[in-house]
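**Student:** coordinates only, no sequence provided:
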């Protein structure tokens, strides 16, 4: 089973994503509620893929993405973004995010994106 | 899709988060209002709150919440970017608070299970009107491509391969994936390492979100000159997600390549020219020349703004520190609240309160069981040294577990206290008064169950203070007081209670008026001269008592203070009122730290056991008959050190059979509550015990309300003891 690290400051979203992933046969490696602990957890847990929210306190998703990519060139990071965050998505792609999903997302799009990244 | 239970759990988490966000938002708005502008950290914080709210609510399908949040997010994005000087501050605050109120109502609806059809279009319009029309200029900059930029490569290539291949790719994405322009950019990004030259249409995928629509309609075109073979390019393209249709064709030579590119660009320009309105034609010409520069600039500034936003996030901590150094007292509260927020984001888990209640119950059972073991009648009279040692150890550990469980349920009063800021602000505005709120000891904690019962009384007391107590600013100045009134809420621990004091520096209670009202309501039991201030003032806590001639929106109906005392007594606490004319009024709430486990003294009257809470006991003594007298009403009184106290014989009150009536054959217990004293006469004193309070069973409560008994408990010997409600007994006789 592929292991996923969920990084999002909204506990509601973390819960939603966790439920969705477990129902679709993924294992939850861990959760983090800001970029900084997201990076720490990545180094500690070495998940197969990370779902990363963009706007977070302490350290944003973009910063965290950067640090994770520096740590692991082949990291799979999928950004979770809300409508209207074009420039940040752009930045994320430039820093190496494998793909992004826009909120509100349909469950199958979310899962398919993850599966495709892990192919 | 998923079962009922997990959807419920999701909703619960959403609601919890929603209420937290609303509180944080309101706090940010109010604290900064006093400064008359919003600091960077406040703007960022509000932006982040709105953003999170938008994301969560849209996932749950609460469209009216998410559209409002989106609107506010836009507003604060604008403020963050442009500094917000163009916006009238007080208007902004009013609208923001309106939004907060809207959200609170929606939250309530969600909690109660009603559907959310809250109309927010008025509000959205107001928010939109706040944002000045600077946005139009930006739209002009986004007008698409010129020719110059196309014929220079987007990024430099790695090595010049001799075998140059030319390809044209046409890509269509799946429906409804949104942000197609970003997906397209992603593909271009993936190709950057293998391309020697690359062009794509539409070109403005980076900074024009509308290009997504064009990609939807026409698809995305890529022209690439590369050293790679067909297979490689095909594979790279296919790796992109959500592609519905991909056509990759090889172009034979450089000349045809250039022709195709120009052709497509012209067509693309044509399409977009048609969409451009004539008025902006001049702007197009201007911008065409500086297009490459401005495009770069846009991209750079987009990056800059996101970088500066991150700096602001990092700077949030520093900002709050430097603000504190400015020495505004309200900022101290703000800072400590931020600290609480920040530190509360580490290592905290949320636990369902029902689980905690169950845990409390079990601990209670454990205390009883432990007592039944240690004080077991089988062991009476035996010398059990080792057993006693182990028993002491058991006692110690159970006490620690108890303390821990109670500590877990403790919640600081800060949230409740901070809600009062909003109330004061609203009352100030409505009544034209000026009042400052000072909060002391907000970190004092009380049991979670109790906190719900404190909020409403507190609100009412604050409202009373501002409405009745604090004078209008002009009047205050005439009296030589400060222009704005002061209300202080102070909480502190005192023994096993928490004391909450609400103190104002207003005009105080009017003794004459209260006397008058008391007379009207036939509440005077003593003469006008005999009745002390504190007894008189405490009468305002009775139902129906109000000296206000006119009923206002906030007070005058006479139900408020009664609600206060009922709520507080419900949790086993007490209310007392003090006042000095022209100086102010102080109301003190005494609330026990916990309802469930108390220290008690067990007594016996006849064959019935009773338990008196230790905190209510002043002293025990064997009475001397010579000190006992009868008063004109026939009550027994006892003299102790020159003071006269009423004697209460439980045997008489509760009609207990077999109790001693002889005062020389029993024990007197002096009980006290709120500085009122009464002496209880009992047959025997049994001992001290930590007692688990259990409520009286339903069948008793339903049939008759027994005054003077607050619950029952199990004794160590297995018998049942009734717990005495001292406050109630004292009231019976006053």
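**Tutor:** In hand now; what should we look at? From a predicted model like this one, the values you see are computed outputs, not experimental measurements. Numbers count the residues shown, from 1 in each chain, chains lettered A, B, ... in the order given.
**Student:** wait, residue B:456 sits on residue B:568?
**Tutor:** No: counting by C-beta atoms under 8 Å, residue B:456 sits too far from residue B:568 to count as a contact (10.2 Å). Every C-beta, even on glycine, is put in place using the N, C-alpha and C of the backbone.
**Student:** what about those two, which has more around it?
**Tutor:** Between residue B:456 and residue B:568, residue B:568 has the larger neighbour count (other C-beta atoms under 10 Å in any protein chain shown), namely 21 against 13.
**Student:** ok, that one to chain A distance?
**Tutor:** In this view, residue B:568 and chain A are 34 Å apart by C-beta to the nearest C-beta, to the nearest Å.
**Student:** quick check: that residue is in a helix.
**Tutor:** Yes: secondary structure assignment places residue B:568 in a helix (DSSP: H, G, I helix; E, B strand; the rest coil).
**Student:** just to check, it is in contact with residue B:453?
**Tutor:** Yes: with contacts defined as C-beta under 8 Å, residue B:568 counts as touching residue B:453 at a distance of 7.2 Å.
**Student:** so residue B:487, which state does it fall into?
**Tutor:** Strictly by three-state DSSP, residue B:487 counts as strand.
**Student:** can you tell me the SS state at the nearest residue to residue B:27 once chain neighbours are set aside?
**Tutor:** Nearest residue to residue B:27 in three dimensions, chain neighbours excluded: residue B:418, at 6.0 Å (C-beta to C-beta, 6 or more residues apart in numbering or on different chains). Under the three-state scheme (three-state DSSP), residue B:418 adopts helix.
**Student:** give me the neighbour count for residue B:418.
**Tutor:** Per other C-beta under 10 Å, the neighbour tally for residue B:418 reads 21.
**Student:** in stretch B:235-243, which residues are buried?
**Tutor:** Of the residues in stretch B:235-243, those scored as buried under the neighbour-count criterion (16 or more other C-beta atoms under 10 Å in any protein chain shown) are B:236, B:237, B:240, B:241, B:242, B:243.
**Student:** which of those residues lies closest to chain A?
**Tutor:** Minimum separation from chain A among those (C-beta to the nearest C-beta) is found for residue B:241, which lies at 4.8 Å.
**Student:** so the closest one makes contact with residue B:183?
**Tutor:** Yes: the pair residue B:241 / residue B:183 is scored as a contact, 7.3 Å apart, by C-beta under 8 Å.
**Student:** so residue A:89 sits in a helix?
**Tutor:** Yes: the assignment for residue A:89 (three-state DSSP) places it in a helix.
**Student:** okay, the residue of chain A found nearest chain B: pLDDT?
**Tutor:** Of all residues in chain A, residue A:87 sits closest to chain B, at 3.6 Å by C-beta to the nearest C-beta. Confidence per residue is given as pLDDT, and for residue A:87 that number is 79.
**Student:** that one: neighbouring residues, count only.
**Tutor:** Residue neighbour count, defined by other C-beta under 10 Å, stands at 18 for residue A:87.
**Student:** over to residue B:181?
**Tutor:** A count of nearby residues for residue B:181, using other C-beta under 10 Å, gives 26.
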